[in-house]
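> I need the structure of the sequence given here:
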Amino acid sequence: MPPWAHRRGRGRGRAFLSTGRAATGPALAACDGWVALASNFTSFLILSSVFIVDGELEAAACYAAGLAGSLILLVQARWLGGAPTAVVLAALLLAGGGTAVNVALLRASQTEELQASAAWRLWRGVLGATGFAMLPQVFYLSVVLPASGAPGGAAAAASWGPAAAGLALFAGLALELRAGRLPRSCWELWDVPAWTATLLFMLEPLAALASAALDPSVLASASPASHLLAALVTGLQVPRALLVGEHMWATGTSWSTAFACLQAALVAAATWHALLASALTALPVLGAAWLLHGIAAAEGHTQPLQPIHRIAAVYKQQLRPWQQLAARLRSTLRRQRATI
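Numbers count the residues shown, from 1 in each chain. Coordinates of the predicted model:
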């Protein structure tokens, strides 16, 4: 083969790649496909550190793999021109910092000493600020904007007002805590990023259902098998979360599993498979009943709802300081009204 043939082949390859980037990038930006990638990246980043601290190394490895996969997809989306450069650069920096912190945690002989260090407190603050910024931003881009009928794309990506408001709220609460005006039991920085990661995972199926309600043709082009695969991935984590009594983990995985089954049922109903839709609707109910019965039998309980009671007790314990704070604020308002 003559040398000019190789050059012609490379030229055609570059032209093909350029054409693909020109066609795919605007479509990806227009549908804001990078928002789900950034949301998943944030959740994986936070929860990988959370599970290392909790000693759940298998779960931490799964979320670390998800972190790497979402980062690769974000970089690919930026190469196609469908993701903001600032988001990808921030993701690369956060992924590097998270990897360094997690490796240090795994290598530390005294994990408690490392968690008490200034570097660890700084990283917890970074994760808390990231979660507070991403949660309202993702909600705005994936639910509010589509519901309002506003155009997406570059104009939507340039609107970072919700993220700025979330950061301002995080800074205000942190200053109130440092000043002693908030009880420390009401505001644990480590619980905050974990909750934002859980809420980001819980927001994703709601955003998908909202987009399907606005454009029902999306359901006809989807497959129930893809949603069932997502239900399987999260559903396999529910037994472990209930056994260890981790309320945030149990809440997030149960919610995601139930909504993935609901999405699969809606797709089946949209394609006129009524029997399959009914079976998919009943699947999470039957699965929950079988799982609760199995866990109760393994723990020697006679009541199948004992794991739920354990999770509810943790919620009640965490809500008690907030209820006390709300009662204190109400009494302060009453005194101010009485003096007027």
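> what packs against the helix or strand encompassing residue 233?
Assigned by DSSP states H and E, residue 233 falls within helix 224-235. When contacts are defined as 3 or more Cβ pairs under 8 Å, 6 or more residues apart in numbering; DSSP states H and E, helix 224-235 packs onto helix 247-270, helix 274-299. Just so you know, the C-beta spots here come from the backbone N, C-alpha and C atoms, and that holds for glycine as well.
> Can I get it as PDB, trimmed to CA atoms?
C-alpha atoms of helix 224-235 as PDB (Å, rounded to 0.1, in the frame of the first residue of the first chain):
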ATOM      1  CA  PRO A 224     -37.800  -2.500  30.900                       C
ATOM      2  CA  ALA A 225     -34.600  -4.600  31.000                       C
ATOM      3  CA  SER A 226     -32.400  -1.500  31.500                       C
ATOM      4  CA  HIS A 227     -34.500  -0.300  34.500                       C
ATOM      5  CA  LEU A 228     -34.600  -3.900  35.900                       C
ATOM      6  CA  LEU A 229     -30.800  -3.900  35.700                       C
ATOM      7  CA  ALA A 230     -30.700  -0.700  37.800                       C
ATOM      8  CA  ALA A 231     -33.100  -2.300  40.300                       C
ATOM      9  CA  LEU A 232     -30.900  -5.300  40.600                       C
ATOM     10  CA  VAL A 233     -27.800  -3.200  41.200                       C
ATOM     11  CA  THR A 234     -29.400  -1.300  44.000                       C
ATOM     12  CA  GLY A 235     -31.600  -4.100  45.300                       C
END
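> what's the offset of the helix or strand following that helix from the middle of its chain?
Next along the chain after helix 224-235, taking DSSP H and E as the criterion, comes helix 238-244. Here helix 238-244 shows a centroid-to-chain-centroid distance of 19 Å under the convention Cα atoms, centre = their mean, to the nearest Å.
> what packs against helix 238-244?
If you count contacts as 3+ Cβ pairs under 8 Å, 6+ apart, helix 238-244 packs onto helix 247-270, helix 274-299, helix 306-339.
> Same list, the ones you listed, but as CSV with mean pLDDT please.
Converted to CSV, the helices and strands packed on helix 238-244 look like this (pLDDT from 0 to 100):
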stretch, mean pLDDT
helix 247-270, 83
helix 274-299, 82
helix 306-339, 78
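> Name all residues that make contact with residue 223.
Residue 223 is in contact with residue 267, counting by Cβ atoms under 8 Å, 6 or more residues apart in numbering.
> For residue 303, see how far away it is.
Distance, residue 223 to residue 303, using Cβ to Cβ, to the nearest Å: 39 Å.
> Also residue 243?
Distance check for residue 243 against residue 303: by Cβ to Cβ, it reads 16 Å.
> Would you mind finding the most buried of the helices and strands packed on helix 224-235?
Sort the helices and strands packed on helix 224-235 by mean neighbour count, taking mean count of other Cβ atoms under 10 Å, and helix 247-270 sits at the top with a mean of 22.
> Just the CA trace of that helix, in PDB.
What follows is helix 247-270 as a C-alpha-only set of coordinates in PDB (Å, rounded to 0.1, in the frame of the first residue of the first chain):
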ATOM      1  CA  HIS A 247     -30.500   4.100  57.700                       C
ATOM      2  CA  MET A 248     -29.200   6.300  54.900                       C
ATOM      3  CA  TRP A 249     -27.900   3.300  52.900                       C
ATOM      4  CA  ALA A 250     -31.200   1.500  53.400                       C
ATOM      5  CA  THR A 251     -33.300   4.500  52.400                       C
ATOM      6  CA  GLY A 252     -31.400   5.300  49.300                       C
ATOM      7  CA  THR A 253     -31.200   1.700  47.900                       C
ATOM      8  CA  SER A 254     -34.800   0.900  48.800                       C
ATOM      9  CA  TRP A 255     -36.000   4.100  47.100                       C
ATOM     10  CA  SER A 256     -33.900   3.500  44.000                       C
ATOM     11  CA  THR A 257     -35.000  -0.100  43.700                       C
ATOM     12  CA  ALA A 258     -38.700   0.700  44.000                       C
ATOM     13  CA  PHE A 259     -38.600   3.500  41.500                       C
ATOM     14  CA  ALA A 260     -36.500   1.500  39.000                       C
ATOM     15  CA  CYS A 261     -39.200  -1.200  39.100                       C
ATOM     16  CA  LEU A 262     -41.900   1.500  38.700                       C
ATOM     17  CA  GLN A 263     -40.000   2.900  35.700                       C
ATOM     18  CA  ALA A 264     -39.800  -0.500  34.200                       C
ATOM     19  CA  ALA A 265     -43.600  -1.000  34.800                       C
ATOM     20  CA  LEU A 266     -44.300   2.300  33.100                       C
ATOM     21  CA  VAL A 267     -42.200   1.400  30.100                       C
ATOM     22  CA  ALA A 268     -44.000  -2.000  29.800                       C
ATOM     23  CA  ALA A 269     -47.400  -0.200  30.100                       C
ATOM     24  CA  ALA A 270     -46.400   2.300  27.400                       C
END
